[in-house]
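Participant: sequence? don't have it. structure:
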């Protein structure tokens with residue numbers, strides 16, 4: 001894959017990350033789910049048939065967590081149904097994580113501290129702006145060395 005195509009994917013993923021933080025959360029009829037919906041410090045996966053309301057339910061979870069006091073910046077949603085992302089390879093998703101880490105380092109984390117429950121990000125190179133690393137990310141924040 002050419003560097004220009006990889007750069008286009010990287011730029012579009014950064015735009016989608018920014019969009020998720022600006023756009024209002026969609027509202028809809030609340031979905032009722034019986035049983036455990038989420039576990040502390042674990043990702044929530046929603047699976048189901050096509051057009052069953054999975055995305056609507058995810059937005060409902062985001063609204064619920066906002067009401068519980070979780071920062072909007074911690075409730076990222078990225079829709080990959082985008083023609084500009086056609087052909088995106090799994091390995092290129094690292095740039096999305098790196099972009100979010102740079103964003104989190106600048107906005108969500110006090111110097112020298114990690115996001116609550118983000119101990120796994122530390123092993124992936126999360127740094128704060130106070131570390132003095134030059135800005136290299138698309139959003140201007142520090143970027144962990146990806147080795148690429």
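Facilitator: Arrived safely. Just so it is clear, the model here is predicted, and its values are computed rather than measured. Numbering: from 1, shown residues only.
Participant: got a list of contacts for stretch 26-35?
Facilitator: Outside of stretch 26-35, the residues within contact range by CB atoms under 8 Å, 6 or more residues apart in numbering are 53, 56, 57, 59, 60, 63. C-beta coordinates here come from the backbone N, C-alpha and C atoms, glycine included.
Participant: what comes up buried for that stretch?
Facilitator: Buried residues in stretch 26-35, counting neighbours by 16 or more other CB atoms under 10 Å, are found at residue 31.
Participant: what of stretch 93-103?
Facilitator: 94, 95, 96, 97, 98, 99, 100, 101, 102, 103.
Participant: and that stretch, how far out from the chain's middle?
Facilitator: Its chain's average C-alpha position is 8 Å from that of stretch 93-103, according to CA atoms, centre = their mean, to the nearest Å.
Participant: and that stretch, average pLDDT?
Facilitator: Stretch 93-103 shows a mean pLDDT of 84 in the predicted model.
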